[in-house]
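Asker: pasting the sequence and the predicted coordinates here, then a few questions.
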Amino acid sequence: MGWGTGAMIAFQQVGLSLGGKRVIDKVSLRIAPGEFAVLIGPSGAGKSSLLRMVNRLLEPDRGQVLVGGLPVRDQEPTALRRRIGYVIQSTGLFPHRTVAQNIATVPGLLQWPPARIAARTAELMALLHLDQALAERYPHQLSGGQQQRVGVARALAADPEILLMDEPFAALDAVTRRALQAELLHIQRSTGKTVLMVTHDLDEALRLGTRIHLLDGGRLLQSGTPLELMTRPAGPAVSAFLGLALGDPPGREP
Ligand SMILES: Nc1ncnc2c1ncn2[C@@H]1O[C@H](COP(=O)(O)OP(=O)(O)OP(=O)(O)O)[C@@H](O)[C@H]1O
């Protein structure tokens with residue numbers, strides 16, 4: 001079953017309180033099918049909370065989130081999550097499953113025939129530049145970069161229309177991070193998947209994002225293309241964030 005209007009994501013007047021604190025405050029934004037959207041902002045801005053509402057790991061207490069034109073609250077969580085790839089910083093790989101078994105998780109749940117699972121696993125390992133010899137290893141026998149490649153391969157396994165990524169490369173060294181960013185960009189551009197990524201790294205946001213959404217204190221400060229954000233910041237709070245993120249000395253007007 002398709003999502004009709006494609007893999008669009010929309011947040012409509014979304015609010016969330018946790019432990020008596022307003023974590024998300026009236027956020028509305030749209031992510032078009034095939035877009036690479038980036039949520040950026042300081043620590044505690046609410047980025048991860050917003051992301052986790054898309055696959056119903058969190059439920060808003062105000063407003064609604066739509067995926068494919070349908071409110072997620074009307075979509076069964078397990079079915080929804082099988083159609084949305086999810087990559088997190090700590091990889092979330094199953095430690096007692098091999099690389100191949102990790103990648104095959106969702107196809108297995110979907111009861112694909114074994115030959116199809118094997119072919120898809122091999123295809124994804126090649127796509128993510130993982131040597132086939134790694135297939136029988138366990139996650140702890142891999143480097144951090146290899147683990148994250150397996151995490152991305154696993155998220156892509158059942159060819160989801162949407163990929164959610166929560167600081168996927170934050171724990172990697174700069175060289176590995178750049179390589180994975182380039183590969184992700186290539187995969188996203190060639191498959192047309194809708195990606196929603198959380199990062200606190202402005203450089204990463206500018207390199208990958210077709211649109212960037214800047215959050216602070218649970219509020220959306222500005223949405224725009226990388227160029228719009230950099231050339232027309234919506235106010236002093238945006239300028240201050242961009243200046244700090246780019247390492248400008250304090251007190252200097254961007
Ligand atoms: N279960 C919870 N109970 C209470 N407060 C929470 C809970 N989860 C998150 N928060 C608070 O919600 C706010 C937003 O958290 P969130 O993780 O969404 O921000 P973030 O922008 O992703 O931050 P970071 O970049 O540090 O990961 C923070 O102030 C956080 O302390």
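Answerer: That came through, no problem. Numbering: from 1, shown residues only.

Asker: what does stretch 211-230 rub up against?
Answerer: 16, 22-29, 31, 35-42, 44-47, 50, 205-206, 209-210, 232-235, 237-238, 241-242 (Cβ atoms under 8 Å, 6 or more residues apart in numbering). Placement of C-beta: from N, CA and C, glycine included.

Asker: spell out which parts of the stretch 1-150 of the chain neighbour the ligand.
Answerer: For the stretch 1-150 of the chain, the residues in contact with the ligand (Cβ under 6 Å from any ligand atom) are L18, G19, K21, V23, G41, S43, G44, A45, G46, K47, S48, S49.

Asker: only the buried subset of these, as a ChimeraX command please.
Answerer: What follows is the ChimeraX syntax selecting those of these that are buried according to 16 or more other Cβ atoms under 10 Å:
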select :23,41,45,46,47,48,49
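
Asker: ok, which stretches of this protein are strands?
Answerer: Counting by DSSP state E, the chain has strands at residues 9-18, 21-31, 36-40, 62-67, 70-71, 84-88, 162-166, 194-199, 211-216, 219-224.

Asker: looking at the stretch 51-200 of the chain, which residue is nearest the ligand?
Answerer: Proximity of the stretch 51-200 of the chain to the ligand (Cβ to the nearest ligand atom) peaks at H200, 5.1 Å away.

Asker: tell me the contacts of that residue?
Answerer: I40, G41, P42, S43, K47, E167, A170.

Asker: isn't the fifth one up against V198?
Answerer: Yep, that's K47 we're talking about. Yes. Under the criterion of Cβ atoms under 8 Å, K47 makes contact with V198 at 4.3 Å.

Asker: one step back: put together JSON lines for the residues of the stretch 1-150 of the chain next to the ligand, with pLDDT on each row.
Answerer: Listed next are these as JSON lines, based on pLDDT from 0 to 100:
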{"residue": "L18", "pLDDT": "91"}
{"residue": "G19", "pLDDT": "90"}
{"residue": "K21", "pLDDT": "92"}
{"residue": "V23", "pLDDT": "95"}
{"residue": "G41", "pLDDT": "94"}
{"residue": "S43", "pLDDT": "91"}
{"residue": "G44", "pLDDT": "92"}
{"residue": "A45", "pLDDT": "94"}
{"residue": "G46", "pLDDT": "95"}
{"residue": "K47", "pLDDT": "96"}
{"residue": "S48", "pLDDT": "96"}
{"residue": "S49", "pLDDT": "96"}
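
Asker: contact partners for the most centrally placed residue in the chain?
Answerer: Centroid check for the chain by Cα atoms, centre = their mean gives M165 as the closest residue, at 2.0 Å. Neighbouring residues of M165 by Cβ under 8 Å, 6+ apart: Y86, V87, I88, A155, V195, L196, M197, V198.

Asker: give me the pLDDT for it.
Answerer: pLDDT, M165: 96.

Asker: out of the contacts of M165, which one has the lowest pLDDT?
Answerer: I88 (90).
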